[in-house]
Structure formats: C-alpha cells, structure tokens
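Novice: Give the three-dimensional model of this entry:
(chains A, B and C)
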Amino acid sequence: MSGLFYLVAAVAIVSTVLMLTRLDAVHALLYLILSLLSVAVILYIIGAPFAAALELIIYAGAIMVLFIFVVMLLNQGDRATALERSWLKPGMWVGPGALAAILLAEFAYALWHGSARQFAPRATDPKQVGLALFGPYLIGVEVASMLLTAALVGAYHLGSRTSTRPELPKPDHALRSEARNDYFAQSGIAPGDDLVRVGTNRPAGAP
Amino acid sequence: MLKLLWLMPAIPFSSSLLLVLFGPRLAKKTAALLGVGSIAFAAAVSITVSATFLSARPPGDVFTQTLWTWMDVAGFQPHIGLYLDAISLVMTLVVTCVGALIHWYSAEFMIEDEGYSRFFAYMNLFVASMLTLLLADNLLLLYLGWEGVGLCSYLLIGFWYKDPANGAAGRKAFIVTRTGDTAMILGLALLVKQLGTLDMQELMGRASDQWQAGSPYALAAALLLLGGAVGKSAQLPLQTWLPDAMAGPTPTSALIHAATMVTAGVYLIARTHVLFSLAPLAQHLVAVVGIATLILAGCSALTQWDLKRVLAYSTISQIGYMFLALGVGAWSAAIFHFMTHAFFKALLFLGAGVIIDAMHEEHNIFKMGGLWKDLPIAFWTFLIGGCSLAGLPLVTAGFYSKGLIIWEARTSQSGSTALWLLAIAGVLLTALYTFRMIFVVFFGEAKIQVGKRPGYRMTIPLLALSALSIVGGFVQTPAALGNIHLFAGFLQSALPSVTERTVVSITEMGSEGLVTLAFLTGLGFAYLLYLRKPRYAAALSKPPFGKALHQFWFTDWGLDWLYERLFVRPVLWFARFDSSDFIDSLYTGVARLSELAYRALRSSETGKVRWYAAGIVFGAVLLVSMVSFL
Amino acid sequence: MLLATILFALGLIGLLVRRNLIFILMSIEVMLNAAGLAFVAAGAQWGQPDGQVMFIFILATAAAEVAVGLALVLRLHRQYKSLDVDAASEMRG
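Specialist: All right, here's what the predicted structure looks like:
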C-alpha cells in the first residue's frame, strides 16, 4: 500500500515539475491532467473515494476542458513558443526556488515536530460525506451554489464582445507608449521623472 | 554758578540731535554755527564752573549734582549724576577748550565736504559722551559715556564711508575696543556683585573697607578694568586699531585719537585708583604695559612714512607714559601729562591737516619737503608742537610733564631704576622720530607745490594751541626750577600724592639732566640722518638685518599679522562654514530621510503581479517561521 | 501531508517564474489542488467526513475561479494582444 502511494506521489511530483517547465501550453496542460489523475489515485488510496471521484470529474474534467478551450481560442502558435523560451532562463528559477524551499522546509519542520502520530487513514464512504453536507454544512452548500452562479454570470459578462460596451482607448501596446510620450512631451515631463520632490523648491513636474 | 554743570554735556547732546534731524536742510554756515557754537558754549560753561570752583571751594572740594535716578533694582540704584572734583574739572576744561578750538578749525577744514552737518553731529555727540564719561558719578554712567565715545569713534573713522577701507578701519577700531569693553563690563559686574554699588565714592569706600591689600577680588576687578582701559587707550596688546584709525578726517584724529578719547583709560584708572592700590600686582602691570607700549610704539614711529601714522604711534607712546605714571602711583603726574599732551598733540594733528591739505592730499612725508618757507605759520606751530612732544628743556610744557613722570618713575615706592632708564630711552626715541618728521617734511628741497593755504579759522587755533604748549607746563615745575606745585596741590584734593622712597642716589635735577641729554642725542641723530646725510638713513635699512627690523617695526611689531592669524581667520572660517547652516541640515536631513523612504517604498510598487505574489510568499514565510520558531 | 506541501511549493514556484497568464492560472490550480489534498488527508486521519466536505468546497471555488479567470485572460488578450502578465503593470509608481 505504501509502496503504491510513494510511486503515485513520485508520478504526481514529476508531472507537476514537467508541467512547469514546458514551453507549449497544450503540453503543459496534458502534464497537469496527469498530475491531477495521480492526486485522485492518492485520494482513493487514503480512503476518500468520493473525493477521488469528484477530483476526476470536476478538476481533471471540467476545469481542464475550460483551459484547453481557452488555449485553442487564443491560438498563440510558434511566436508564443519563442517568447516563452526567451522568458524562461535558468537563472529565473533561483529566487522563487529559494523562497519556496524555505517555505517547504518550515512546513516540513512543523510537520516533523508536530504530532508524533503515525499516519493511519480510515476510509470514509460517501454516505457519511452526504450526511455531513446536508446536515451541518448546508449553508456552505447554498453559498457555494450562489458563488457558482455569480461566477457563471461574471464569466459570461467579461468574456462577451458586445460593441455597446465602451472600448478602452489605445489597445495596442506599441501605440500606447507613443501616445504616452506625446502627452509627456506636451507637459514637459520626461518618462521616469519623479513627479513629487521633497525638500527642494522646484515646482512639481519640472525636471 | 556750579549748578550750570549739567549744561556742559546737555548742550552738545541737543545740538547733535538737532544736527541729526535737520542737518541736511541747514545751510553750511548754520550747521557750523550750531556745531561749533555748542562746544564753545560748553567751554564757556566749563570755564565759568572752574572759576567758581577755584574761587569758592565747595565743601570737601567736591560738587555733585544728581539729575535723576536711572534705575532701582534689588538695591542697586545708579543715578544720572554729575560729580565735579579736581580731576574732572581739569579734564573737562581741557576737553571743552581744546575741543572748541578743533571744532572751529574743522568748520573751515571740512567746508568742501558734503557730509558737513553729519560731521558736526558726530563730533558734538562725541564731546557730549566724553563729558558724560568725565562727569559721571557712578561707573555705569561712565560706561555709557565710554560706549558713546566708542560709537562716535567708529562713525567718525568711517566718515568717508564710500571707500570700504575706511569702513574696515572703523570696524577694526570698534571690535578691538569692544574686546576691552567686554573686560570692563565684566569688571563692573564683579564690583556690583561684591560691593553692591557702582557709585564711585561709595565704591572706593566699601572696597577699602572690605578688601585687604592683595585681595583676589580687587586684583580681578582691577585687571578687568585695566583691560577696558588698554582697549580704549590703545596700549599693548590692543593698540592695533589706532594707526588704522587715521583713515578718518584730521580734526577727528586730533580730537578723538590724540587729545581726548584715548585718555579715557587713563581717567578710568585714576578714578578707581583705590582698587589699584589694593592690588599692587595690577598696578605694577599698568606700569609694565605703559613702558612696553612706549618703547614699542616709539620704534614703530621711526619707520612710518605716513605723516598721520607717525603721529598716531606717537600718541600711543605718550599714553604709555601716562600709564607708566599711573603704574608707579604718580597719579597727578599722569593727569599733568594728559593736559600737556592734549595741547601739543592736537596742535600737531591740526598742523598735519594744514600740511596735507596744502600738499593736495599727499600723506607721504618723503614726498614733501622745503615747506618752512612756503607755510610759515604751519612750520612754526608744528615746530613748537614737536619740541613740546620731544621735550625741549625749559620752555616747553612737554619737558616738565614728561620729566616729572620720569623722575617719579625713579623715586616712587613702586618705581624702579629699570623703568626710569627705559623711560629715558623713550625720550631719545621720541626726539628721534619727531625731528625726523620735522626735518623731512619742512626741510630739504621742495617736491610738491603748495596748494591750499589755511584761512584764519584754521590758523588761530594753531596759534592758541602753540601758546598753550609752551606755557601749559609752568603750573608744575621741579624744585630747582621754580618749585611751582600748583597742579599737584590742586589735584591733591582728589588724588593721593605719590609715596616716595627715602633714599635715592640721584637728584631731580640729575634726572632732568639725563632727560635733556637723551633729547639732544635724539635731535642730533635726526639731524645727522635726515638733514645732513640722508644716505646714512637709507644705508641703515639696506642690509638684511636692518631691512627685517625696519619691516618688523613698520608693521607694529607684527601684532596685526598675529591677530589676523589668531582671531580673524578662525572666525571667518567658522562663519563661512556655517553659511551653509549645518545646524539647519539636521532638519532638512529629516525631510531628506523621509524622501529616501518614499523612494524606496515607491520602487516596491512595480505593478507586476508576480512581484506581489513573491511578496505574499515572503510574508507567509516570515509568519510561519514566527509561529513555529518563536 | 508532505506531498501536499511539496505540490504546493511547486505550484508556488510556477506562479512566480512563469510570465504566461495561462501558466500562472495552471499553477494556481495546482496550489488549490494541493491544499485540498491536505484537507482530505487530515480528515482521513481522524476518520471524519469534514475533510472531504472542505475538499468539495475548495473544488467549487476553484471551478468558479477558473471560469472568471479565463474570461479575464480573454479580455487581457483582447486589450494587450499578448498574454504577458507584466504587460498589465500600469498601476505602478
């Protein structure tokens, strides 16, 4: 049992790592699905079959499908791959890696010195979970449904392309900086200037 | 009649005020009338008062007139009061009469100047302050007059203010005398603290009651007062301002820096002689200062080429004689010399004014010459003044007063042979530089044509003063030469006579003889070096030692150089350092610090999501570590 | 438990390193998942269904968040024509 656990855990970790380092979004998504699958297996191993099923259906199912839809919609292509390559330099991993490692170390320390109890999971079958949901956690369920409704409406609203909504000016990145420079040139400010100075007699805005 | 005393300072004060307020609107004739007339009136009052005083002596030989109480604070009650006794009588008489003559002279001397009324306003204010100083019955009122004459000195030295050098000379005078004045006010504070009063008679009484001879309080007070006197009277070490004060108009130099203001220190010490008697060390210091100054200034006078500067150093030297007299306890001899010095020094300065005027504002004596034929009156009066200064035996006032001082330096209880010999050496120096001046200016070949000739208003004062320079000495002569003791007898009512030693190895006539010998030697040298063979004089200052000595004496024994480095430069450096206001930078520093913090915080708002996420992680790490480890 | 922590840390690294918005959202999903795993494990330890209940709620939240997040990605893409998260840094200064 524990051998299976370690194996699946290793798969989960490896696939997550691989997901993080891919250049292509679709590849990464596939690795993510794999990671989620392994987590579902782990959930089943520790005796939460209901949670495992839910994970598979909702997470690896619905949510990943959403992701894939959006990636297909955006259709980045080779240009995006090249961009990603330029962004992902090895040196980038150092800082965040260090931070996360420290966090990890602290958690590990906390876990180690926490309870000395051995991990002995007991299975809980779905019936118990259902009783809990309709019992003490009823309010939570209702609120979750409201949340989902709100998300639905919000996502629809944000994603639609109706032309009556006022379009924000200057969508192009390159154009935007040009217009910004014009504005600055008019008022005598150079980009990057401090607009507030303390302790001197110069008027605000003068270089 | 004595009740008219208060008019003496009051009239010049009011005329000064009128001239300040209305001067520019008055015609020059009116301004002169007001300016000269007020002093002449004060002189008339002074003569009347003196006559009354001498004919009908008031009780105790003292006349006081309290005008009102100045302040009344914790038992300290100085009055505005006038005190007339023998000393103040003599001195006010001299100041007003000589002052009147000088004012009349300057009515013509300054006629072309546009600041005519301003000049008379300042001069009148000066005379008024000087009279306040002399007639004050308490030291605080004396200090008021003291400050007043200092102010007028500054105003008059920098009279031609458009030239910044004159302003600098005025400032120098003010600052150097200020140093002395600070010592003096400290002395006054000490006296008030210890004795509770500044009224002079009471002060002297309480001092002699409460303090023993050699008391540290008396010593401290005397030294501090000496500091003030040294500053005002231009003695060592505060004499550097007087030669530069010659930047003022010549009548100013005559009145202030020859006859009157510079003798204020002598007056102060004479008035507080009780304190000095209680502190023999201080009195001895007075004598040492006097003798050192007189030799020092005499040497410096030998090297000067500016006519007025020679006379300035001569003044310093002669006041050294007065200090010497005070230092050995010959109080009345000092006042005697003051009187004769006022006559001949004012005469010399007024004569110098005539000469400089005639030489088209040329001050260098080596550019003048052969004037004895062209300016006869100036020549004869200047000669009389010069002889009196040097001490021509028997006929000049200077001979008698100086001889008396030198004799007392030998015989007085606190005198010594060393002082006596040095004083005689001083006579040699005096004769040398005086006749050097006379020979170079008046003899030899004429180099500049005479321009302006003096009118009657300038000539008559010269004549009057020369008459006084001759007869002024006849009020006090040695025993073998007439034995007249009018002066000392008169002053005995106010000043103790000198205590003499019992056994001296030389008689008064012997001393006078040595003095005459010194005079003749000096005259001879001057004749040789400057009239006969001028090449010798030039030859003396050619070799390196001679040249260095000449330079050293010319710059007043290097004192100006020393003070520049010791005091002036550090103060200026600090002022420049502080001009960026480093104390204020503490406050601007706070503002800058907050600006720095603002910049730092601002750079942390990058607008990038990942940066903020990293911030969250960092915070989480800290929190977890705090929770688990602390 | 430790696995959950490791997965969480990995998700964090991904969030901080990658600039593509899609990847960032994916990393967030990973983190949520790890958190849920931790909850379930805790619940299983005590034999109570509460852990799974929490897991369900987390799941619901994740779903809502993904929906809205992807809609926002679409808007961002329309505006800046790229998926660079650093492009949307106008609230700086």
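
Novice: From now on I want contacts and neighbour counts done on CA atoms only, so please keep to that.
Specialist: Noted.

Novice: Show me which residues of chain B sit near chain A.
Specialist: Neighbours of chain A within chain B, by CA under 8 Å from any CA of the partner chain: B:588, B:591-592, B:595, B:614, B:617-618, B:620-621, B:624-625, B:628.

Novice: Now with 10 Å, please.
Specialist: B:588-596, B:598-599, B:614, B:617-618, B:620-622, B:624-625, B:627-629 (CA under 10 Å from any CA of the partner chain).

Novice: Could you turn the buried ones of these into a PyMOL selection?
Specialist: Remark: buried members of these, expressed as a PyMOL selection using 16 or more other CA atoms under 10 Å in any protein chain shown:
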select buried, chain B and resi 592+595+614+617+618+621+625
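
Novice: what subset of the residues of chain B next to chain A is also close to chain C?
Specialist: By CA under 10 Å from any CA, the members of the residues of chain B next to chain A lying near chain C are B:599, B:614, B:617.

Novice: pLDDT below threshold where in chain B?
Specialist: Segments of chain B classed as low confidence (criterion: pLDDT under 70) are B:259, B:414, B:479-483, B:497-505, B:533-535, B:537-541.

Novice: residue closest to the middle of it?
Specialist: Within chain B, one residue has its C-alpha closest to the average C-alpha position: by CA atoms, centre = their mean, that is B:Val262, at 2.5 Å.

Novice: hang on, isn't that one packed against B:Ile256?
Specialist: Yes - with contact defined as CA atoms under 10 Å, B:Val262 and B:Ile256 form a contacting pair (6.8 Å).

Novice: what sits in contact with each of those two?
Specialist: Here B:Val262 and B:Ile256 share the contacting residues B:Val149, scored by CA atoms under 10 Å, 6 or more residues apart in numbering or on different chains.

Novice: what's the helix or strand for residue 41?
Specialist: Just going to use chain A. Secondary-structure assignment from DSSP states H and E places A:Val41 in helix A:25-45.

Novice: Let me rephrase: I mean chain C.
Specialist: Using DSSP H and E, the element containing C:Ala41 is helix C:21-46.

Novice: quick check, that helix touching chain A?
Specialist: Yes - contact of helix C:21-46 with chain A is found when judged by CA under 10 Å from any CA, involving C:22-27, C:29-30, C:33-34, C:36-38, C:40-46.

Novice: hang on, the earlier thing: just the closest of the ones next to chain C among the residues of chain B next to chain A to chain C, please.
Specialist: The shortest approach to chain C among those belongs to B:Ala614, at 6.5 Å (CA to the nearest CA).

Novice: before we move on, back to that, for the helix holding A:Val41, packing partners?
Specialist: helix A:2-21, helix A:49-54, helix A:64-74, helix A:78-87, helix C:2-17, helix C:21-46 (3 or more CA pairs under 10 Å, 6 or more residues apart in numbering or on different chains; DSSP states H and E).

Novice: which parts of that helix are buried?
Specialist: For helix A:25-45, the neighbour count (16+ other CA under 10 Å) marks A:25, A:28-29, A:31-45 as buried.

Novice: Near chain C, which residues of chain B are found?
Specialist: Counting by CA under 10 Å from any CA, the residues of chain B near chain C are B:599, B:601-614, B:617.

Novice: Got a quick PyMOL command for the buried subset of those residues?
Specialist: A single PyMOL command is used to select the members of those judged buried by 16+ other CA under 10 Å:
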select buried, chain B and resi 606+607+608+609+610+614+617
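
Novice: Out of the residues of chain B next to chain C, which is nearest to B:Phe276?
Specialist: Top of the list for closeness to B:Phe276, among these and by CA to CA, is B:Arg599 at 70.6 Å.

Novice: helix or strand for B:Met71, which one?
Specialist: Taking DSSP H and E as the criterion, B:Met71 maps to no regular element, lying outside all helices and strands.

Novice: Who's the closest spatial neighbour of it, skipping the chain neighbours?
Specialist: Spatial nearest neighbour of B:Met71, chain neighbours left out: B:Gln77 (5.7 Å); criterion: CA to CA, 6 or more residues apart in numbering or on different chains.
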